[in-house]
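>>> With the sequence up front, the predicted model follows.
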Amino acid sequence: MAILPILQYPDERLHKVAKKVERVDDSIRKLVRDMAETMYAAPGIGLAATQVDKHIQLIVLDVSETHNDLKVFINPELQASKGIEEHEEGCLSVPGIYEKVSRAERVTVHALDEHGKPFTLEADGLLAVCIQHEMDHLRGKVFVEYLSHLKQTRIRAKLKKHRREIL
Ligand code: NI
């Protein structure tokens, strides 16, 4: 296993649109393990392949408090969504920034697991938020893009300053 570097906003590669996984094979399962290790080490509750510069439709997440409930979504498709709820979100690609975003309260998602087996999951609460946040990454969207332009400009400036300070 390996910890992968996570792309940091505003890296242009975060805006690439991920391609479908054609075949769920050992190379995909290796990436799943590396992404899970990277997510747990960060620590974070979700990671999309886009964030580790792999532009395929693959997400790992674990919203459990015990960090032992890894969920893998390959080629996820949103089949239904219901309601609207606002949650504060953060992102491993936008460190230190937490902002409220409105999303569907409940979603039904269809995907393949790491063995290529299809499944359907109905989610609400934090899990629903996380699924929608990670699926956005696959289409090249970072959560801060839901915010006003003024806020986005401030966030970019803050991250740039922070990066200069640690360099
Ligand atoms: Ni994110």
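Received it, and whenever you're ready, just let me know what you need. Numbering: from 1, shown residues only.
>>> List the contacts of residue 52.
Neighbouring residues of residue 52 by Cβ atoms under 8 Å, 6 or more residues apart in numbering: 4-7, 34-35, 38. In this view, the C-beta of every residue, glycine as well, is placed from N, C-alpha and C.
>>> Sketch out the low-pLDDT regions of the chain for me.
Applying pLDDT under 70 to the chain picks out residues 166-167.
>>> which strand is the longest one in it?
strand 71-82 (DSSP state E).
>>> just checking, residue 15 touches residue 140?
Yes. In this structure residue 15 lies within contact range of residue 140 using Cβ atoms under 8 Å: 4.1 Å.
>>> Show me which residues of the lengthiest helix in the chain are buried.
Counting residues, the longest helix in the chain under DSSP state H turns out to be helix 149-166. Of all the residues in helix 149-166, those buried under the rule 16 or more other Cβ atoms under 10 Å are 152, 155, 159.
>>> Would you format those as CSV with distance to residue 96 included?
As requested, those are exported to CSV (distance: Cβ to Cβ, whole Å):
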residue, distance to residue 96
152, 15
155, 10
159, 8
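>>> ok, which stretches of the chain are helices?
For the chain, applying DSSP H gives helices covering 26-41, 125-138, 149-166.
>>> Check the offset of the longest one from the chain's centre.
In this case it means helix 149-166. 21 Å (Cα atoms, centre = their mean, to the nearest Å).
>>> contacts for that helix?
Counting by Cβ under 8 Å, 6+ apart, helix 149-166 makes contact with 8-10, 94-97, 99, 144-145, 147, all of which sit outside it.
>>> same question, stretch 84-91
In contact with stretch 84-91 (Cβ under 8 Å, 6+ apart) are residues 9, 97-105, 126, 129, 133, 142-144.
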